[in-house]
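Q: Pasting a predicted model and its sequence here:
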Amino acid sequence: KRHGYRVGLSFYLSLFDGGKKKARIKDKEINKEKILLRKEEAKLKYEKDIADLELFLSKEDSFNKILKELKEISKNSYNMQEALNKAKESSKIEVLNSYVVLLKKEMSYKEHLLKAGYFINKANIMSGINECKSW
């Protein structure tokens, strides 16, 4: 009986892998392209947000003034309807309708104030981000 070890060198070369290597390379290229597109999309969204903020902040005072005037006009209309109703020249429905209009105008005004506060805070945060970039 012989006992011993056999030592040898084995070499494996795949001549045809069914296109797996090309598919993996193509997949990596597609993923890279997706990442670049997402980055560009985020950049465009950021630029749009900045433009929207600048527009809103530049027009905020005029919007605020207009909404305040509309609220006052609605309040005056409601007061006139109430006076007419007390003088029996207007129905209670007309008074209620003018009150609904008044409430809608007040709600619009308050929503605008909330939106303005949100945009001002957002602008402050975004300007802080820009300051961090300049470090």
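A: Ah, there it is. Note that the structure is predicted; figures quoted are calculated from it, not measured.
Q: what sits against the residue nearest to the spatial centre of the chain?
A: The residue lying closest to the centre of the chain (C-alpha atoms, centre = their mean) is residue 49, at 7.5 Å. For residue 49, the residues meeting the contact criterion (C-beta atoms under 8 Å, 6 or more residues apart in numbering) are 122, 126. Glycine gets a C-beta too; all of them are placed from N, C-alpha and C.
Q: okay, and for this protein, where does confidence drop off?
A: 1-2, 4, 13-14, 129-135 (pLDDT under 70).
Q: What are the boundaries of the strands in this protein?
A: For the chain, none of the segments meets the definition of strands by DSSP state E.
Q: which helix in it runs the most residues?
A: Secondary structure of the chain read by DSSP state H shows that its longest helix is helix 20-86.
Q: ok, the closest residue in space to residue 56 that isn't next to it in sequence to residue 105 distance?
A: Leaving aside its chain neighbours, residue 56 sits nearest to residue 119 (5.1 Å; criterion: C-beta to C-beta, 6 or more residues apart in numbering). Here residue 119 is placed at a distance of 21 Å from residue 105 (C-beta to C-beta, to the nearest Å).
Q: Looking at these two now, which is surrounded by more residues?
A: Neighbours were counted for residue 119 and for residue 105 using other C-beta atoms under 10 Å; residue 105 has more, 21 against 17.
Q: give the contact list for the more buried one.
A: The contact partners of residue 105, taken as C-beta under 8 Å, 6+ apart, are 67, 70-71, 73-74.
Q: one more time with 7 Å, if that's ok
A: Shown here is residue 105, whose contacts under the criterion C-beta atoms under 7 Å, 6 or more residues apart in numbering are 70-71, 74.
Q: Chain neighbours aside, what residue packs nearest to residue 53?
A: Closest residue to residue 53 apart from its sequence neighbours, by C-beta to C-beta, 6+ apart: residue 123 at 4.9 Å.
Q: Would you mind confirming that that neighbour makes contact with residue 56?
A: No: with the criterion set as C-beta atoms under 7 Å, residue 123 and residue 56 do not qualify as a contacting pair; they are 8.7 Å apart.
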